[in-house]
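**Q** Fold the following, please.
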Amino acid sequence: NSDSSGCTWNPIHIPSDIPKSLLTNFTGWAIYRTHFTAPMACTRAGSACAFFFQEIGDSAEARLNGHIIGRHGQFPPKAAYAKHYPVNFQVSRDSLRQGAQANLLEIVAYSLKKTQAGVRAPPVGLYTVENAFRLSQVFTIINVVNPVLSFVALFIIALLSLAVAGPDLAKDPKFSAFIRFGFASSCFLLSISEVPREYLPIGFAGYLHFSLRILHDWSFFEMVASYFDYNHKFVRAVRPLFALTLLAFFVQFLVFFVADGDGAHFGRGFDIGFTTLKIAVPLLFLPHIMGIVSGLRRRNTWDGKIYASLFTVTLLFQIHDSVIFHGYWSGIYYVKWYPFVIGLVFGVFFLERARDARAKARVEQELISEGEAKKSQYEVTDEFLTSLATESKTEASQRLSADPSPFVRYEVATLAKQISNEGLL
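**A** Numbering: from 1, shown residues only. The predicted model follows:
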C-alpha cells in the first residue's frame, strides 16, 4: 500500500525502470524518497516552484515534509492509467525548509503492471513554476500532440496518393504496399500517443497499441520487400513470424478483455504483451536492414544513396528505442515520429510517379484527339489500304515513309492492329 512505515529501502538512480531484482514481489506500489536542499530560487519572497516528472507509471502522489502536495491519476480501487502526460507538483516558498538536506520528498507511485512502472523518464527535478510549465508543454507536444499530428499527416499522404493515382499505378503492387504501410503506420502513431486510452476501455486500447505496433512493422517489411523486389521465397518465409506475433497479441487481448475494472488482469495482460514484443524485436529491425542493403546495392544512383542514408538513420533510431524498451536507458521513443518521415519519402516518390503517369496519359490522349481531328484531311480509305496491301513490302514501306503526315501512318498502324486488317501486317 502507500504506507512507507516498515519499508526496507533500496538505493536507486532515477529516472529508470524499477530494477528486475525488486520486481519479484512487486504488487504495484513503489515509494521513492529523498532528502534535498531547497534551491535559492525557490526560497525567495514571492517565489513558487514545482517538482517536474516527465513520466510516472501509472499514478502518483507527492508528499513534501509529510504533507501531500499533489496527486496524478488515481490509486486503487479505481486505478487509472495516466503515465503519458507530464507531472507537476507545485510547492510554495513556505512549504520548503531552510538548511542542508532539510526537506524530505516522497513519491508514492502505483502501477497496474510490472513493466514501465515508477519514475522512469527524464527530466526530473525542482524547477520554477514557469520552467516546469514550459517543460510540461514541450513533453506533451512530444509524447501526445506530435504522434497525433503525424497520424493525421501520414493518413492524408496515403489518401492523397490514392486520389491522384491513375489506373496503372493503382494496380502496382509496390504502390499497394505503400498504401497499406501508410494506413497501418498512421493508426499506430495514433495509438502511441496513448490518447485512445482516455476514450476506450483500457484493455482494448492496450491490445490495439501492441497489435498496431506489429502491423506497422509488418506493413513496413512488405513495403520494403515489394519496393526493392526481394525474393518471394524470403518474403513468404518471414510472413508467418509476423502472423504468429499478431496471434500472440490476440491471446493477450483475451487477457485484457477481462481487465476492465480489474487492474490485476490488465497488468498481467500488459506484461504478456510487453514480453511478446521483446521476443519480436528482431522483426522490428528487419525492414531497416533490408532497406540499407538495397540502398547500398544502388549506391551509384542518387535514390540508392537516399535510401541507404534514410534506413541507416531509422535503424539507429530503432536501436535507441530498443535500448529504452528493454530498460537499459531512459529517453524518448523515436518511433513516435520516424514512421511519418519514411511515409513522407515514399509518398513523395509515389506522388511524383502518379503525376508523371497522369501527364503521360494526358499527352497520349491529346495526340489521339489531334490525330482524329486531322483524319478527315487525309484519305485513309479502303482503297488506300487495299492499294497498300497489293504492293510489295518494299513498295509499301517506301510509300508510307514518303508520306509527310505522321497522322496517316498513325491511322494505318491503328487499323492494322484490328483483326479485320491484320493482313496488312
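**Q** what ranges do the helices span in this structure?
**A** 129-140, 146-164, 167-170, 173-192, 196-199, 202-227, 232-257, 263-279, 281-297, 302-325, 338-375, 382-390, 393-402, 406-416 (DSSP state H).
**Q** Now render those helices as JSON lines, adding mean pLDDT.
**A** Compiled in JSON lines, these are given as follows (pLDDT from 0 to 100):
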{"stretch": "helix 129-140", "mean pLDDT": "92"}
{"stretch": "helix 146-164", "mean pLDDT": "86"}
{"stretch": "helix 167-170", "mean pLDDT": "74"}
{"stretch": "helix 173-192", "mean pLDDT": "90"}
{"stretch": "helix 196-199", "mean pLDDT": "76"}
{"stretch": "helix 202-227", "mean pLDDT": "88"}
{"stretch": "helix 232-257", "mean pLDDT": "87"}
{"stretch": "helix 263-279", "mean pLDDT": "74"}
{"stretch": "helix 281-297", "mean pLDDT": "93"}
{"stretch": "helix 302-325", "mean pLDDT": "90"}
{"stretch": "helix 338-375", "mean pLDDT": "76"}
{"stretch": "helix 382-390", "mean pLDDT": "61"}
{"stretch": "helix 393-402", "mean pLDDT": "63"}
{"stretch": "helix 406-416", "mean pLDDT": "60"}
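**Q** got those helices as a markdown table, with distance to Met40 and mean neighbour count columns?
**A** All C-beta spots, glycine's among them, are computed from the backbone N, C-alpha and C. Output for the helices of the chain, formatted as a markdown table (distance: least, CB to CB, whole Å; neighbours: other CB atoms under 10 Å):
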| stretch | distance to Met40 | mean neighbour count |
| --- | --- | --- |
| helix 129-140 | 15 | 16 |
| helix 146-164 | 35 | 18 |
| helix 167-170 | 65 | 14 |
| helix 173-192 | 40 | 22 |
| helix 196-199 | 39 | 15 |
| helix 202-227 | 43 | 23 |
| helix 232-257 | 49 | 15 |
| helix 263-279 | 42 | 19 |
| helix 281-297 | 46 | 18 |
| helix 302-325 | 34 | 16 |
| helix 338-375 | 41 | 15 |
| helix 382-390 | 101 | 12 |
| helix 393-402 | 95 | 11 |
| helix 406-416 | 88 | 16 |
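**Q** I'd like to know which of those is closest to Ala100.
**A** helix 129-140 (23.5 Å; CB to CB).
**Q** Distance to Leu104 added to the helices of the chain, as JSON lines?
**A** JSON lines is the format used below for the helices of the chain (distance: least, CB to CB, whole Å):
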{"stretch": "helix 129-140", "distance to Leu104": "20"}
{"stretch": "helix 146-164", "distance to Leu104": "36"}
{"stretch": "helix 167-170", "distance to Leu104": "66"}
{"stretch": "helix 173-192", "distance to Leu104": "36"}
{"stretch": "helix 196-199", "distance to Leu104": "33"}
{"stretch": "helix 202-227", "distance to Leu104": "33"}
{"stretch": "helix 232-257", "distance to Leu104": "38"}
{"stretch": "helix 263-279", "distance to Leu104": "29"}
{"stretch": "helix 281-297", "distance to Leu104": "40"}
{"stretch": "helix 302-325", "distance to Leu104": "30"}
{"stretch": "helix 338-375", "distance to Leu104": "42"}
{"stretch": "helix 382-390", "distance to Leu104": "103"}
{"stretch": "helix 393-402", "distance to Leu104": "100"}
{"stretch": "helix 406-416", "distance to Leu104": "91"}
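**Q** Out of these, which gets nearest to Ser111?
**A** helix 263-279 (7.4 Å).
**Q** out of the helices of the chain, nearest to Ile31?
**A** Short answer: helix 263-279, nearest of the helices of the chain by CB to CB, at 18.0 Å.
**Q** Tell me which of the helices of the chain sits nearest to Thr24.
**A** helix 263-279 (13.3 Å).
**Q** roughly how far apart are the closest residue to Cys7 other than its chain neighbours and Leu189?
**A** Distances taken as CB to CB, 6 or more residues apart in numbering place Ile31 nearest to Cys7, at 6.4 Å, with adjacent residues excluded. Separation of Ile31 from Leu189 (CB to CB, to the nearest Å): 35 Å.
**Q** just Tyr230 next, same as before
**A** Tyr230 is 25 Å from Leu189, by CB to CB.
**Q** and what of Leu112?
**A** For Leu112, the distance to Leu189 - CB to CB - is 23 Å.
**Q** ok so, going back, verify the stated contact: the residue nearest to Cys7 with Tyr110.
**A** No: taking contacts as CB atoms under 8 Å, Ile31 lies outside contact range of Tyr110: 9.9 Å.
**Q** When the two are compared, which one has more neighbours?
**A** Neighbour totals were compared for Ile31 and Tyr110, and Tyr110 leads with 26 against 18 (other CB atoms under 10 Å).
**Q** Need the nearest residue in space to the more buried one, chain neighbours excluded.
**A** Nearest to Tyr110 is Ser59, by CB to CB, 6+ apart, at 4.9 Å.
**Q** ok so, going back, need the contact list for the residue nearest to Cys7.
**A** Listed by CB atoms under 8 Å, 6 or more residues apart in numbering, the contact partners of Ile31 are 2, 4, 7, 106-109.
**Q** make it 10 Å
**A** 1-4, 7, 9, 61, 63, 106-110, 118 (CB atoms under 10 Å, 6 or more residues apart in numbering).
**Q** tally of neighbours for the closest residue to Val144 other than its chain neighbours?
**A** Excluding the flanking residues, the one nearest Val144 by CB to CB, 6+ apart is Ser193, at 5.1 Å. By the other CB under 10 Å criterion, the neighbourhood of Ser193 contains 22 residues.
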